[in-house]
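Build me a structure from this.
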Amino acid sequence: GNKKRSEQLVRTLHELQESESVQETLVLLPLTYSFAFVNQWLWAKVFNRKLTLTEGLSNPKMLAQALEDSNQSMICMVGAQIPIFRQYFRNHQFEQVIRLHFAGGPFPQNDLEFIRQTFPHAQIFNNYGCAEAMPRLTIRKAQDSSEAHQVGQALPGVQLRISEGGNVEFQSIYRAEGQIANGMFEAFTDDQWLASGDKGELDLDGNLRLHGRANQVFKRYGEKISLPQLLRTVKEVWEGQALFYKEADPQGEQGHVLLLSPEPDQALITSILRRFRASYPRTHWPLRIESTPSIPLLNNGKEDLQAAAKLENTTTHWAQRI
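So this is what the prediction gives:
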C-alpha cells in the first residue's frame, strides 16, 4: 500500500465510523489482515489512540478481561467468530465497547440480537472491501438495512461499477500500489478498474448488494447457485458455525456440501431441510449435511474452505439419494 493514501483512508473511516469518542482499540484479529491493520493499527497511529493486542478467541478468559477493562473501545471482527463468541460469552455484556466493525465475509445479520445484547453500547458497522482497495470500498451502519448482503454506498473517493459478467469493479483514491503476479510486481494505474473478486449489483440509491465471491456463485444443472444466499437460509435456524464447500456429484456436476459445527441434533437437521424444501428447487440443496467438532479457520479468522473439504472427522447427517 501507499502510506499517504492509507492514512487518507483512515481519516475518511474515522469520520464515517464516528470514531472521535473511541479511546482504545482491542485487536482480536492478526494485524497481517489488512482490515485490522488499517482500521486498528494505522488508525491508532494516526489518531494517537491506545492499541491493545490480545490473543483473541484462543484465550477467551484473557479476552473477556481485556474487554471489561477497556475504555470507550473499538473492536474489529469477522462474522465467523460470532458462533465462537456465543459459546464463551452467551451471558456476558461488554459495556465499554462502543464501536464494533465486521468485514471479511458475510455480515452476521441473523446474530444481531445476540451481538446487541453482548455489546449494548456499541454502534455496529458492516464494512466491505478487498486487499487491492487497501481495504475498504463501502460502509454502512447495521441499522440501515436488514439485508446482510447490502453493504452500503461507496466511500468518498471510490467509484463502483458492475461488469457485464456481474463482477464488482472499482476505482479508489486509497487503492494499493499494485500486486505480485507470476513473480513480478504489477503496478495499478489511476484509470484502471480493479476487480474486487465479488459479484453483485447496484441499486437505484447506489447501495451495493453482493451475490457472493465469484467462486461462490455458479451454475448447477442450469440453475444459478449462490452459496451466501443458501447460508443465510441455514442461519435462520442454526446458531453455530456453518459453511459450504464445493464438491462434484456422481454425474460430475458442481455441487456443494453443508458443514456445521458443533454436531446438531436431528430436529435441527430437519428444520434446515424444511427451509431448503420450502425455498429452493432440489438443485440448490446440498449434496450432504455434515458436522465436525471444529471448523478450520485461516489465520485471519475466515473459514478455511480447502481444509474443510479435506476433513476426515465428520459425521454425515443427511445425503441426497439422487
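
who's Pro52 bridged to?
Check again: residue 52 is Thr, not Pro. Under the criterion DSSP bridges, Thr52 forms beta bridges with Leu26.

Provide the secondary structure category for the spatially most central residue of the chain.
When CA atoms, centre = their mean is applied to the chain, the residue found nearest the centroid is Gly105 (1.7 Å). Here Gly105 is recorded as coil under DSSP: H, G, I helix; E, B strand; the rest coil.

Look at it and report its pLDDT.
pLDDT recorded at Gly105 is 81.

which regions of the protein sit below the pLDDT cut-off?
Applying pLDDT under 70 to the chain flags the ranges 322.

Go again with 80.
181, 213-215, 222, 299-302, 322 (pLDDT under 80).

returning to that earlier point: how near is the residue nearest to the centre of the chain to Gly252?
29 Å (CB to CB, to the nearest Å). Placement of C-beta: from N, CA and C, glycine included.

go on, Glu113?
42 Å.

Same question for Gly165.
Gly165 sits 24 Å away from Gly252, taking CB to CB as the criterion.

Likewise for Leu204?
Taken as CB to CB, the span from Leu204 to Gly252 is 41 Å.

next one: Asp191
For Asp191, the distance to Gly252 (CB to CB) stands at 42 Å.

My guess is Phe276 contacts Glu236. True?
No: at 11.0 Å, Phe276 does not count as touching Glu236 under the criterion of CB atoms under 8 Å.

Pull the number of nearby residues for Thr316.
If you count neighbours by other CB atoms under 10 Å, Thr316 ends up with 10.

Same question for Ala64.
Ala64 has 14 neighbours, counted by other CB under 10 Å.

can you pull the contacts of it?
Applying CB atoms under 8 Å, 6 or more residues apart in numbering to Ala64 gives the contacts 88-89, 92, 94.

And the helices in the stretch 1-150 of the chain, which stretches?
3-16, 34-36, 43-47, 60-69, 82-89, 112-118 (DSSP state H, counting those that start in this stretch).

winner for burial among those?
For the helices of the stretch 1-150 of the chain, the largest average neighbour count (mean count of other CB atoms under 10 Å) is found in helix 34-36, namely a mean of 24.

residues making contact with that helix?
The contact list for helix 34-36, computed with CB under 8 Å, 6+ apart, reads 1, 27-30, 76, 101, 103-104, 127, 129, 131, 134-135.
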